[in-house]
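Asker: Model the structure of this input:
(one chain, ligands or ions: 2)
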Amino acid sequence: MTFFSDDFIGNSNQKHISDAQNEYDALGAKLSANNIDIDSITEQAENFKVAVPSWGVGTGGTRFARFPGISEPRNIFEKLEDCSVINKLVRSTPGVSPHFPWDKVDDFSELSKFAKNLDLHFDAVNSNTFQDQNGQNLSYKYGSLANINKAVRDMAVEHNIDCIEYGKAINSKSITVWVGDGSNHPGACNFTGQLENYLDSTKQIYTALPDDWTMSIEHKMFEPSFYSTVIQDWGTNVLCAMELGEKCRSLVDLGHHAPNVNIEMIVARLIQFKKLAGFHFNDSKYGDDDLDSGSINPFQLFLIFNELIDAEYRKAEKFDPIYMLDQSHNVTDPIESLMNSAIEVQRAYVLALLIDRKALGSYQQENDVIMAHNTIKAAYNSDVSSILAMARLKSGGAIDPIATYREAKYKQTIESDRPASGAAGSGIV
Ligand code: PSV
Ligand code: MN
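Answerer: Ligands and ions are numbered 1, 2, ... in the order given. Now for the predicted structure:
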């Protein structure tokens, strides 16, 4: 059964089109008074893309429990079907970031064709050395790329090189490496020796990169290790990325910092030293909560995009960040959460485009603190929902994605095709 045909989306849009157009025209008049052409902002919104994590379409869970939803995707093909629903409705998520071995298949060319037929492509590939797989002869219990035991490190390196091979077969151009290696007890590991092991392993992965590939390394303050983590913060991350070379950069997952850390400033520093790989967007209140992007601290997301647009405006060198969501949906339908999140990331981008950068620069020069601050707040306080709706409409998507999604009763209709399997093709993410 085909869901969300152009006709279906078009019919659903009929209910919202006149309100959307009125709101858009009113905002257009307001922006034009400030010399901003709304149509050019809408065009930039249309071109903005953020990749969806394949693991995000399955229901997540915590270490206490997982509450599966209905019609959960059981393999990468079904995950792609759900990703396609998201993209058809929001039109900003044609990229899917796969995670191996969760998404490993025997025939990658079949997988590529399947994705292409759904108008999707593959973004960065992710390796998984934080879990043991069935039949694995050595264990990652005490770490992977930084394990004290060379045989385990070799196994983890080999897995990452396999991921690059899988990625080549699906036309990906980068690998993201995150490891949970660390320790739970002071004294259990030698900090320096562990980082040396990590570097030794990642150098081997780096050497296996094809010429046109990049490698992103991801830091995380804690979890699953609760006393120390080998790549615990952006400082260690960027030092390692510098050590590895040009093709390696630092990835910023919004949830992987201590509370209250000034993430936008980290972003600025990484851009300045040409080391920003990109993002795993999500939101959090306490730690790596993996909540929906923009649901807790949308101002922070906006300030991050302020730095990104500033870099574009200054034509920063080697600035080409990858944008991905990395979230875990425990109590919502993942499709709805991912649609909302993609829109919130796009909203932060559009709001940051509205900042009057010339005026901001002048106020900064004059140390006019209040006016500089008010300049960014004026942009942040705008309601750009109608720009986002128009960008979706113009590219064939839904004016109100959640309403259109619910009208189709997608998950209810496919329930018998996707009986609960107990597992969602990934771990608890
Ligand atoms: C780790 O918490 C992380 O952010 C990494 O990106 C993993 O690949 C992903 O979540 C899924 O577990
Ligand atoms: Mn992440």
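Asker: from here on, contacts and neighbour counts on C-alpha atoms
Answerer: OK.
Asker: Give me the pLDDT for the residue of the chain positioned farthest from its centre.
Answerer: Outermost residue of the chain with respect to the C-alpha centroid, by C-alpha atoms, centre = their mean, is E366; its distance is 37.4 Å. Looking at E366, its pLDDT reads 98.
Asker: ok, now the one 3 residues further on?
Answerer: Predicted confidence (pLDDT) for V369: 98.
Asker: surely it meets Y363?
Answerer: Yes: the pair V369 and Y363 passes the contact test of C-alpha atoms under 8 Å, sitting 7.1 Å apart.
Asker: Show me which of these two is the more surrounded one.
Answerer: Y363 (17 against 13; other C-alpha atoms under 10 Å).
Asker: ok, the more buried one touching A372?
Answerer: Yes: using C-alpha under 8 Å, Y363 is in contact with A372, at 5.2 Å.
Asker: Which single residue of the protein ends up nearest ligand 1?
Answerer: Closest to ligand 1 within the chain is V429: 4.8 Å, counting by C-alpha to the nearest ligand atom.
Asker: Give me the neighbour count for the spatially closest residue to that residue that is not a sequence neighbour.
Answerer: The shortest distance from V429 to any non-neighbouring residue, by C-alpha to C-alpha, 6 or more residues apart in numbering, is to G60 (5.3 Å). Counted by other C-alpha under 10 Å, the residues lying close to G60 total 25.
Asker: For V331, see how far away G60 is.
Answerer: Using C-alpha to C-alpha, to the nearest Å, G60 is found at 8 Å from V331.
Asker: Helices along the stretch 201-350 of the chain, start to end?
Answerer: Along the stretch 201-350 of the chain, the stretches classed as helices by DSSP state H, counting those that start in this stretch are 234-244, 263-272, 298-313, 334-353.
Asker: ok, A408 - contacts?
Answerer: Contacts for A408 were tallied using C-alpha atoms under 8 Å, 6 or more residues apart in numbering; they are F3, F4.
Asker: next one: L209
Answerer: I164, M215.
Asker: about what we covered before: next, show the common contact partners of G60 and V331.
Answerer: F67.
Asker: Which positions in this structure make contact with ligand 1?
Answerer: N126, W178, V429 (C-alpha under 6 Å from any ligand atom).
Asker: Just the ones of those residues in helices?
Answerer: Nothing among those maps onto helices, per DSSP state H.
Asker: Can you add neighbour count and pLDDT and give those back as CSV?
Answerer: Shown next, in CSV, are the residues of the chain next to ligand 1 (neighbours: other C-alpha atoms under 10 Å; pLDDT from 0 to 100):
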residue, neighbour count, pLDDT
N126, 24, 98
W178, 19, 98
V429, 17, 74
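Asker: nearest to D383, of those residues?
Answerer: V429 (32.9 Å; C-alpha to C-alpha).
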